[in-house]
Structures are given as C-alpha cells and as structure tokens.
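**Q** I need the structure of the sequence given here:
(one chain, ligands or ions: 1)
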Amino acid sequence: MSESVANRAVVFYNNKSLPTILSEELNLDTCYSSSEVVIKVHAAALNPVDFLLQGLAYSWLSGRGPKCFSRDYSGEVVKVGANVTDYKVGDKVAGMFKHLYGKQGTLCDYLILDPVKQPAITKIANAEHTEYDDYVVNASWPLVFGTAYQGLTNYGQKLGPNSKILVIGASTSVSNALVQIAKNHLKVGTVVGICSKNSFDYNKKLGYDYLAAYDEGSVVNNVKEIMKKNLNNEKFDLIFDSVGNSDFFGCINDVLKHKSHNSQYVSVAGDKKLNYSNPRMWDSLPGLESLKRYGPFRKYNYNLFLLQSDSAYMKLGHKMISEKQYMPAIDSVYNFDDYAEAFKRINSNRSKGKVVIQIN
Ligand SMILES: NC(=O)c1ccc[n+]([C@@H]2O[C@H](COP(=O)([O-])OP(=O)(O)OC[C@H]3O[C@@H](n4cnc5c(N)ncnc54)[C@H](OP(=O)(O)O)[C@@H]3O)[C@@H](O)[C@H]2O)c1
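**A** Presented below is the predicted three-dimensional model:
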C-alpha cells in the first residue's frame, strides 16, 4: 500500500494575496526520483528576501500559481533515491534550498531535492551547548552564513590579522555571521560595525572592535572619528553593506583603500534600504553612482551579489558551530500555525537574529 501524507506549505500567490496554508496530498513512495531525497522538515527560517520577493510578485512576473516561503531548512531524511550515495534514511540534515517563486520552498512539511543540484546541504551540527534544539539552530544559519562567507571570500580578498573591515548593518543576521567568521576563522585584526546606539552592547559581545551609531550624529563622521582615534587613520580593506546604504560613496577614497590593493565594497542589499513588506521595483534599479563602478569610469571595486548555493560554506558553518566558533543569533521561534506572527516579527526590521518556525 502506498504511503500518502498531507504536505502543508505556507504560500502566497501574488503581491496582493495574503499568505495562506495550502495542504496537498503527497505520495511518499512516488514523489521523488532516483537522484532525490525527501526531507521531513522540522524547522525553517525566514529571510527578508522572502518578503521582498512577495512584494514584487506581480502576476505577469511571477506567474499565478502558489509560491512557498523560505529557503533555510533542517529536518530528517525519510526517503532516498536509488542513485543518492551521501545521504540515508534517518540522517538529520540542514541547508539552503535555492528557488525563485518556487511552488516548493521550505516552510512546509516535506521537501524534495536533489543534493547535487542543491549542494548547500550538510548533516546537522551538534548545538547542544545552546539553549535551542538542534533543528532550530541548524535551520537558522545556512543562508546568512553563506552570504557572509561569500562576501568575505568571493573577490580574491586575503583577509587576516592586518586587515580592516567596515560593516554597515552590524546587527543584521548576515553581519552577525560575518563578524564571527572574520574574527574566529579568518582572524581579521579589526572589524568596525555600524548599528543603532541601542545595539552597541549586543554587538560588542559578538567581537566588533569598534562601533559607530547611525542614529546619533553623522554616521560618516562617526566612522572617521574611529579611524582617527583607533586606526591610525588607516583605511578599510573591505566595506560590507547588509542594509542598503549610500552614505560612504561621496567620500569613498577617505574610507576604502585604493582599488589597486584589492580593496572591495561588497553589498548584499544595494544602495537603498528597501521596505521589506512594501518594496518598490524602481528602488532596486541602479542609480548614477553605478557609473563609477564599471568600465573606464571605475573608481573603486564594487560587487553586489546574490548568494550562490555551495557546499563550501555549509562545511565551514557545520565545523564552526560544532567547535563553538559560530553561534547563529536566534531572535524568536514560532509554531507553524503562528506563521503570521513570525512574518510580522521579521518585517519589523528590528529582530536581533533569525526568526525560526518549527514545523514538526
Ligand atoms: N544578496 C543576498 O544573497 C542576500 C542574502 C541574505 C540577505 N540579504 C539582504 O541582507 C539584508 C540583511 O538581511 P538579514 O536577514 O541579515 O537582516 P535582519 O537580521 O532582518 O536585520 C535586522 C537588523 O537590521 C538593523 N537595521 C535596521 N535598520 C538599519 C539601518 N538603517 N542601518 C543599519 N542597521 C539597520 C537592526 O539593528 P539596529 O539595532 O542596529 O538598527 C535589526 O536588528 C536584507 O536586505 C536582505 O534582503 C541579501
């Protein structure tokens, strides 16, 4: 007799429709191919990108069908295709499932994927030293850790004890991973963060050497003051923006080393801070500043990137958590049925760490 289960998923249809639970029958014996595994999802984490994409989901762009939320997941392998060699039934796994407006996301009961095509997957790391269960911790980190890792390493940077990094958005989950990788893995000498004055204590504990407020005086002057007082006026090797900021472009040569030193301005959020729950398409289009970044007009090395699915950062994240070198920040944990509360929390833009939803 074939094994049929209910597969619930939190979905949206377009940027006008409210998220809702869609429940469909899934035949666990026939729903996967020889190269796929079926994962019973235990936890999924939310990311601002889910809501940006929902806000931009015009039917002409994204289609009319259901689109499931979330990319991060943790869970247990319950079925394995005949050609899968690295995973077996009972394995506890976590990862980042890459999709764009997919009917399948990770805020659902069952996830079917090919581990070769979705290589951001690993066995879950033991996080017993934390207050959260392993599934919650392991659903919380793949996307933000991967983004931070790729921002630190994608552009030939050789960061180490003599390097200086300026982080715009020190309190974001991406930067939370970034400062821990920079300090504990790459042994970067100096990391300066920009955050709200209220978040100074929170961020100091994570390893930032100096903090500048964005909500008290001029943020550019606050950073320059730190450079003068504490950095011998030396400039940064990397400016990493996880907010969407343009404050430093007008004085980029005062803060970022010359491009010939392979200094980089790396952004994961563009030049403008978008409203997660009500994004406007034109806010994400390149402005005049982009003329200084390309071709003969290039004044500094600039990269805006989207996380790519890869096993390298999953291996490192697993190792760092197991060795207590990286602890993902978790803001709050919700039950599946309370997904609307969880959505509200992440869209407040005030969460300190990941918003995680427990599913099974
Ligand atoms: N390109 C990619 O592949 C990629 C991947 C992941 C994420 N992202 C993007 O990266 C950004 C961060 O994502 P996340 O999940 O890490 O964010 P998050 O954890 O939701 O960030 C929340 C934090 O942002 C801080 N913040 C709010 N307004 C700020 C401002 N004006 N300046 C500085 N900090 C501010 C707040 O701390 P304070 O107390 O300091 O204000 C708050 O705690 C999002 O735009 C996301 O879409 C891109």
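
**Q** only C-alpha atoms for contact and neighbour calcs from this point on.
**A** OK.

**Q** shaky segments in the stretch 251-360 of the chain?
**A** 276-286 (pLDDT under 70).

**Q** let's see that with 80 instead.
**A** Applying pLDDT under 80 to the stretch 251-360 of the chain flags residues 274-288, 291, 295-297, 360.

**Q** let me see the ranges of the strands in it.
**A** Using DSSP state E, counting those that start in this stretch, the strands of the stretch 251-360 of the chain run over 264-267, 302-304, 330-335, 354-358.

**Q** I'd like those as TSV, with mean neighbour count and distance to residue 66 appended.
**A** Output for the strands of the stretch 251-360 of the chain, formatted as TSV (neighbours: other CA atoms under 10 Å; distance: least, CA to CA, whole Å):
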stretch	mean neighbour count	distance to residue 66
strand 264-267	23	30
strand 302-304	17	29
strand 330-335	17	21
strand 354-358	25	20
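
**Q** I'd like to know which of the ones you listed is closest to residue 3.
**A** strand 354-358 (23.6 Å; CA to CA).

**Q** contacting residues around the closest one?
**A** 42-47, 107, 136, 139-140, 173, 328-336, 339, 342, 345-346 (CA atoms under 8 Å, 6 or more residues apart in numbering).

**Q** those residues also near the ligand: which ones?
**A** Among the contacts of strand 354-358, proximity to the ligand is found for 47, 173, 346 (CA under 6 Å from any ligand atom).

**Q** which residues touch the nearest residue to the second one once chain neighbours are set aside?
**A** Right, the one you point to is residue 173. Excluding the flanking residues, the one nearest residue 173 by CA to CA, 6 or more residues apart in numbering is residue 353, at 5.1 Å. By CA under 8 Å, 6+ apart, the contact list for residue 353 reads 171, 172, 173, 176, 328, 329, 330, 331, 332.

**Q** if you set the cut-off to 10 Å instead, what comes out?
**A** 140-141, 144, 171-177, 328-332, 346 (CA atoms under 10 Å, 6 or more residues apart in numbering).

**Q** which of the residues you listed fall in helices?
**A** Among the contacts of residue 353, the members found in helices (DSSP state H) are 140, 144, 173, 174, 175, 176, 177, 346.

**Q** what's the closest of those to residue 51?
**A** residue 346 (9.1 Å).

**Q** quick check: the most centrally placed residue in the chain vs residue 122, distance?
**A** The residue lying closest to the centre of the chain (CA atoms, centre = their mean) is residue 144, at 2.6 Å. According to CA to CA, to the nearest Å, residue 144 stands 15 Å off from residue 122.

**Q** need the residues of the stretch 101-250 of the chain near the ligand, please.
**A** 144, 147, 169, 171, 172, 173, 174, 195, 196, 199, 242, 243.

**Q** is it correct that residue 165 is in contact with residue 190?
**A** Yes - here residue 165 lies in contact with residue 190, judged by CA atoms under 10 Å, at a distance of 6.3 Å.

**Q** give me the number of residues near the residue lying closest to residue 101 once chain neighbours are set aside?
**A** In space, and not counting its chain neighbours, residue 101 is closest to residue 67: 5.3 Å by CA to CA, 6+ apart. Residue 67: 24 surrounding residues under other CA atoms under 10 Å.

**Q** and if you look at residue 111?
**A** Around residue 111 there are 21 residues (other CA under 10 Å).

**Q** could you give the bridge partners of residue 44?
**A** Beta-bridge pairing for residue 44 (DSSP bridges): residue 73, residue 357.

**Q** no no, residue 26
**A** residue 5.

**Q** show the contacting residues for it.
**A** Neighbours of residue 26 in contact, by CA under 10 Å, 6+ apart: 3, 4, 5, 6, 7, 8, 110.

**Q** so which of these sits lowest on pLDDT?
**A** The member of these with the lowest pLDDT is residue 3, at 86.

**Q** point out the residues in the stretch 251-360 of the chain that sit beside the ligand.
**A** Residues of the stretch 251-360 of the chain lying near the ligand (CA under 6 Å from any ligand atom): 268, 269, 305, 306, 307, 346, 349, 350, 351, 352, 353.
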